[in-house]
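S.K.: Pasting the sequence and the predicted model now:
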Amino acid sequence: MPVEINWLRDYKGGDPEKFREYQRQRFRPVEWVDDVLAVDEKWRNGVQARQDLSKEINKIQKDVIAPKKKAKENCDADLANIAALKKQVCDWRELCVHNTQHPRGLHSRETDPPLAFIAPLTLALNPR
């Protein structure tokens, strides 16, 4: 049974030191807990960056492109900017799908931590 990631997040009430102790008791590397926390932080930063890109796209579409189209002005440069931002969002989503593929072929939600990195580590952290 995998470990719930919130059990490791100290800002969510988790206790990573408890899982480090579990690792010591099983003669396994304590650094695995830190590795999982580092991957989780990288993941959360990536999710935030994607959400920020989506907000920026929506703002440009609403505040820049819509008024120009209403006034029948040329907005090709703005549309190209939007296309580049959308490509960044799509590239990020592709990376997420690739990294979240479970070894058994299951996929997680886009906002979940990357199973490809965390699942093998959390199996070792399981406090049975």
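M.R.: Sure, I can see it. Computed from a predicted structure; not experimentally measured. Numbers count the residues shown, from 1 in each chain.
S.K.: Longest helix in the protein, please.
M.R.: When secondary structure is assigned using DSSP state H, the longest helix within the chain turns out to be helix 31-60.
S.K.: Distance-wise, check the residue minimising distance to the centre of the chain relative to Glu56.
M.R.: Using C-alpha atoms, centre = their mean, the residue of the chain that lies closest to the mean C-alpha position is Trp43, 3.5 Å off. Taking C-beta to C-beta, to the nearest Å as the criterion, Trp43 is separated from Glu56 by 21 Å. Just so you know, the C-beta spots here come from the backbone N, C-alpha and C atoms, and that holds for glycine as well.
S.K.: Ok, Arg28 next?
M.R.: Arg28 is 43 Å from Glu56, by C-beta to C-beta.
S.K.: same check, this time on Asp34
M.R.: Taking C-beta to C-beta as the measure, Asp34 and Glu56 are separated by 33 Å.
S.K.: Would you map the helices across the chain?
M.R.: Assignment of helices within the chain using DSSP H yields the ranges 16-25, 31-60, 66-70, 76-99, 115-125.
S.K.: Show me where this protein dips below the pLDDT cut-off.
M.R.: By pLDDT under 70, the weakly predicted segments of the chain are 1, 93-128.
S.K.: go again using 50 as the cut-off
M.R.: Within the chain, the set of residues satisfying pLDDT under 50 comprises 100-108, 114-124, 127-128.
S.K.: you'd agree Gln88 is up against Leu53?
M.R.: Yes: here Gln88 lies in contact with Leu53, judged by C-beta atoms under 8 Å, at a distance of 5.8 Å.
S.K.: From the rest of the structure, what touches stretch 82-91?
M.R.: By C-beta atoms under 8 Å, 6 or more residues apart in numbering, the list of residues contacting stretch 82-91 from outside reads 50, 53-54, 56-57, 60-61, 65.
S.K.: ok, now which ones touch Lys55?
M.R.: Shown in contact with Lys55 (C-beta under 8 Å, 6+ apart): no residues.
S.K.: tally of neighbours for Arg28?
M.R.: The burial count assigned to Arg28 is 13, neighbours taken as other C-beta atoms under 10 Å.
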